[in-house]
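Novice: Quick one, what's the 3D model for this:
(chains A, B, C and D)
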Protein chains: 4
Amino acid sequence: MTKGRLEAFSDGVLAIIITIMVLELKVPEGSSWVDLKPIIPKFLAYIFSFIYIGIYWNNHHHMFQAVKKVNGSILWANLHLLFWLSLMPIATEWIGTTNFSKNPVAAYGIGLIMCAIAYTILETVIIKCEGENSKLKEAIHSRFKEYISIVLYVLGIATSFFYPYLAVGLYYMVALIWLIPDKRIEKSLKEN
Amino acid sequence: MTKGRLEAFSDGVLAIIITIMVLELKVPEGSSWVDLKPIIPKFLAYIFSFIYIGIYWNNHHHMFQAVKKVNGSILWANLHLLFWLSLMPIATEWIGTTNFSKNPVAAYGIGLIMCAIAYTILETVIIKCEGENSKLKEAIHSRFKEYISIVLYVLGIATSFFYPYLAVGLYYMVALIWLIPDKRIEKSLKEN
Amino acid sequence: MTKGRLEAFSDGVLAIIITIMVLELKVPEGSSWVDLKPIIPKFLAYIFSFIYIGIYWNNHHHMFQAVKKVNGSILWANLHLLFWLSLMPIATEWIGTTNFSKNPVAAYGIGLIMCAIAYTILETVIIKCEGENSKLKEAIHSRFKEYISIVLYVLGIATSFFYPYLAVGLYYMVALIWLIPDKRIEKSLKEN
Amino acid sequence: MTKGRLEAFSDGVLAIIITIMVLELKVPEGSSWVDLKPIIPKFLAYIFSFIYIGIYWNNHHHMFQAVKKVNGSILWANLHLLFWLSLMPIATEWIGTTNFSKNPVAAYGIGLIMCAIAYTILETVIIKCEGENSKLKEAIHSRFKEYISIVLYVLGIATSFFYPYLAVGLYYMVALIWLIPDKRIEKSLKEN
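Specialist: The predicted structure is shown next:
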């Protein structure tokens, strides 16, 4: 089966996820600059989540460049990833409305860790389906980035109960690691 | 006519349906874990409907792999299916907000049965349009899965008035039947 | 320029328009069947508009089958059509919440007539851009369907101030005329 | 890497941005024409922003016609543009609900200027990535349109604190400059 529709559907879902978050930025009642104050934490949360969804889209895009055909397992592993990503807008709204309180920040971290696990499962399923000659397998020699991310998320969640802002900083570090889409895949694709 | 745009439009509608359901998961007022309690039934309903829309997308994807050209009848049969699927978010919200009460669960089942009928109509229209050499016809020898689903839905709707949770269990059984996209189509496509 | 992205963007906008209308079908507070009563007119309005958007999508799809290349004028004529179609959800909500009152029904008719005019403009712009050998020009010998639609809409709008339901009937007649996508285009494409 | 998915994702996000703005046009309570009065400024703001997003989509479409391959930098420059465009619905709502007050009109102008800067960055990144033989570089000899736009925006923002309607007029002038998609690209593509 061709991968075209899987990509189109994922693009659609990610485009909606990234855009509906903006609906939470409710417009202020008045027209003075001070009226914008209550939406500042929501706006920061929006920027943060926009970057995260952007990262997932970029890496999803890179990963499927190295995929030739899809099957039922890949379709479901992909839907599983989209499910966890679809919860990002709610988590974002929760940290935004509560001004980065400890529980919402922890919940956000749990959401991020589930997305990361779902992404790793998708990677594994693709490599399993493609077998020995998988371009993706070649491209991803080690899983270093995947493992360090999980560690940072766990640290972040634990930290969130004491210093929520520090926790957000740790989540942000994971984002920085993934900001640059997988050079390994770009390189591997060029060689072939 | 080519099938590309029909697939793109269907992907768009399904992507929106699957994502707007998450908008119903209104963020709690407070920031404690207890505040999440009222959204638990909504969240369960969301997971359930997410899986269902995922199943329809997967099977739609598989079905159209076996289709070469589309005409006006297929376009309308497809829109008819999308119409019933578009009601899923409301049905989901109703069972979520009423904590799986009997009438909403029955209404949800009616929605599911209408989707199943619309899907079967689409299948029939495609086979009719493609004629004797239809790959899809080859792939679907019997309609066993289609018929058993309708029976389980009817049972579920009847049950919902007495044991709503049991009814959801019956709907869930149909989901399990269809979770694995039609191997018949994958096999038939490989042979050709 | 290729028409691929124009089609993709239009599909996206139409998919969203058709789906956000369902958001207006607010879920009832209670769980009894009687609680569904207030959403019946909204539901009827939803079905009606769903069919209308479906008709526009089908005919848009057919029309662009006959188009080879697009330019700036076609892009804008297409956006102009999408603009008027994007107002359908509001018009739908207005007739739904006011239970098909005279002014909202007239406003709905004005919306429909603007869509019809925008569609005819798009047709004209495409034919002009493609020149003498335009497949679309061949396909559309007369503009009978276009003209009869405008007449029925005008009649409908005039009627809406006295008998709103009759007006809806007249709008419905236009829908029936266009329900079957342009056979002229299908035929013309086959011949070539 | 191919540009297909970048275009599809951008189309999706822009389609959603352009359509969710219509959700702000809340339907009036009553059914008389007078009830429509409060949504008139919102409607004007909607038309204005619809045209703006349309312009960005058209120019984005034209720009990527001249692009062959994309890399990580282009993906991020594109997401950066989408981020600023995603704020348009909120800015639109703010000017609509406050009836074109000075601060909201200034905020709207700041949003527009950020979009313009993000668009110029995207152009620069693409040209840098494509190198000397970039078709886009050939097509865009000078950056006159880009620079005059920034000047008009700055003038508009300054004006908005004294004459908000005049500021909107200045923003509108920029729209007029860009309404006609870049002929330079169309011409350059034809020559090749």
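Novice: what's the distance between the residue in chain A that chain B sits nearest to and residue C:73?
Specialist: Relative to chain B, the nearest point of chain A is residue A:12 (3.1 Å; CB to the nearest CB). Backbone N, C-alpha and C define where each C-beta goes, glycine included. If you measure residue A:12 against residue C:73 using CB to CB, to the nearest Å, the figure is 28 Å.
Novice: Which of these two has more residues huddled nearby?
Specialist: For residue A:12 and residue C:73, the more surrounded residue by other CB atoms under 10 Å in any protein chain shown is residue A:12, and the numbers stand at 30 against 15.
Novice: The more buried one contacts residue B:11, correct?
Specialist: Yes - counting by CB atoms under 8 Å, residue B:11 is a contact partner of residue A:12 at 5.6 Å.
Novice: so who does the residue of chain A closest to chain B touch?
Specialist: Shown in contact with residue A:12 (CB atoms under 8 Å, 6 or more residues apart in numbering or on different chains): B:11-12, B:14-16, C:12, D:12.
Novice: What sits closest to residue A:56 if chain neighbours are left out?
Specialist: Spatially, and ignoring its direct neighbours in sequence, residue A:56 is nearest to residue A:85 (6.1 Å; CB to CB, 6 or more residues apart in numbering or on different chains).
Novice: Past the helix or strand where the one you found lies, which element shows up next along the chain?
Specialist: Residue A:85 belongs to helix A:72-86 when assigned by DSSP states H and E. On the C-terminal side of helix A:72-86, the closest following helix or strand by DSSP H and E is helix A:88-97.
Novice: For that next one, enumerate the helices and strands it packs against.
Specialist: Helix A:88-97 is packed against helix A:4-20, helix A:40-65, helix A:102-130, with contacts defined by 3 or more CB pairs under 8 Å, 6 or more residues apart in numbering or on different chains; DSSP states H and E.
Novice: Kindly report the residues of chain A close to chain D.
Specialist: A:7-8, A:11-12, A:14-16, A:18-20, A:22-23, A:25, A:27-28, A:30-33, A:47, A:50, A:54, A:57-58, A:61-62, A:64-65, A:179-181, A:183, A:186, A:189 (CB under 8 Å from any CB of the partner chain).
Novice: and residue A:18, what is it in contact with?
Specialist: Counting by CB under 8 Å, 6+ apart, residue A:18 has contacts A:50, A:53-54, A:57, D:13, D:82, D:86.
Novice: List the contacts of stretch A:120-131.
Specialist: So stretch A:120-131 is contacted by A:63, A:67-71, A:73-74, A:77-78, A:80-81, A:134, A:136-137, A:140, A:143, A:146 (CB under 8 Å, 6+ apart).
Novice: Contact partners for whichever residue of chain A sits closest to chain D?
Specialist: Residue of chain A nearest chain D, by CB to the nearest CB: residue A:15 (3.2 Å). Under the criterion of CB under 8 Å, 6+ apart, the neighbours of residue A:15 are B:15, D:9, D:12-13, D:15-16.
Novice: and if you look at residue A:175?
Specialist: Residue A:175 touches A:48, A:51-52, A:55, counting by CB under 8 Å, 6+ apart.
Novice: mind running it again at 7 Å?
Specialist: Neighbour list for residue A:175: A:51-52, A:55 [criterion: CB atoms under 7 Å, 6 or more residues apart in numbering or on different chains].
Novice: Let's test this: mean pLDDT of the helix or strand where it lies, rounded?
Specialist: Under the criterion of DSSP H and E, residue A:175 resides in helix A:164-179. Mean pLDDT, helix A:164-179: 90.
Novice: likewise stretch A:2-9?
Specialist: 87.
Novice: That stretch close to chain B?
Specialist: Yes - on the criterion CB under 7 Å from any CB of the partner chain, stretch A:2-9 is in touch with chain B at A:5, A:8-9.
Novice: So what touches stretch A:40-54?
Specialist: A:14, A:17-18, A:21-22, A:24-25, A:85, A:88, A:92, A:95-97, A:99-100, A:175, D:79, D:83.
Novice: low-confidence ranges in chain A?
Specialist: A:1, A:141, A:180-192 (pLDDT under 70).
Novice: Chain B contacts on that one?
Specialist: Residues of chain A lying near chain B (CB under 7 Å from any CB): A:1, A:5, A:8-9, A:12-13, A:16-17, A:20, A:72, A:75, A:79, A:83, A:86-87, A:89-90, A:93-94, A:97-98, A:101, A:103-104.
Novice: Quick check: phi and psi at residue A:133.
Specialist: phi -90, psi 10 (degrees, to the nearest 10).
Novice: Please disregard the earlier target; I meant residue A:152.
Specialist: phi -60, psi -40.
Novice: Please tell me how far it sits from residue A:168.
Specialist: For residue A:152 relative to residue A:168 (CB to CB), the value is 12 Å.
Novice: Please apply the same query to residue A:72.
Specialist: 38 Å.
Novice: ditto for residue A:99
Specialist: 12 Å.
Novice: Could you do residue A:28 as well?
Specialist: Residue A:28 is 24 Å from residue A:168, by CB to CB.
Novice: circling back: counting neighbours, which of the residues of chain A next to chain D end up buried?
Specialist: Neighbour-count burial (16 or more other CB atoms under 10 Å in any protein chain shown) applied to the residues of chain A next to chain D gives A:7-8, A:11-12, A:14-16, A:18-20, A:22-23, A:25, A:27-28, A:31, A:50, A:54, A:57-58, A:61-62, A:64-65, A:181, A:186, A:189.
Novice: Out of the helices and strands packed on helix A:88-97, flag the one nearest residue D:163.
Specialist: Residue D:163 lies closest, by CB to CB, to one member of these: helix A:40-65, at 28.1 Å.
Novice: quick one: that closest one to helix D:72-86, angle?
Specialist: Helix A:40-65 runs at 140 degrees relative to helix D:72-86, counting by axes from the mean of the first three to the mean of the last three CA atoms, to 10 degrees.
Novice: wait, isn't residue A:75 in contact with residue B:59?
Specialist: No - with contacts defined as CB atoms under 7 Å, residue A:75 does not count as touching residue B:59, sitting 10.1 Å away.
Novice: quick one on the thing from earlier: of all the helices and strands packed on helix A:88-97, which one comes closest to residue D:109?
Specialist: Checked against CB to CB, the stretch from the helices and strands packed on helix A:88-97 lying closest is helix A:40-65, at 17.9 Å.
Novice: can you give me how far the closest one is from the chain middle?
Specialist: 6 Å (CA atoms, centre = their mean, to the nearest Å).
Novice: That one to helix A:102-130, inter-axis angle?
Specialist: Using the same axes, to 10 degrees: helix A:40-65 against helix A:102-130 is 10 degrees.
Novice: Ramachandran angles for residue A:163?
Specialist: phi -130, psi 80.
Novice: And the helix or strand hosting residue A:156, what's buried?
Specialist: Following DSSP H and E, one finds residue A:156 within helix A:144-160. For helix A:144-160, a neighbour-count test (16+ other CB under 10 Å) marks A:146, A:149-150, A:152-153, A:155-157, A:159-160 as buried.
Novice: Columns distance to residue C:116 on top of those residues, output as CSV?
Specialist: Converted to CSV, the buried residues of helix A:144-160 look like this (distance: CB to CB, whole Å):
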residue, distance to residue C:116
A:146, 54
A:149, 54
A:150, 56
A:152, 57
A:153, 54
A:155, 60
A:156, 56
A:157, 56
A:159, 60
A:160, 56
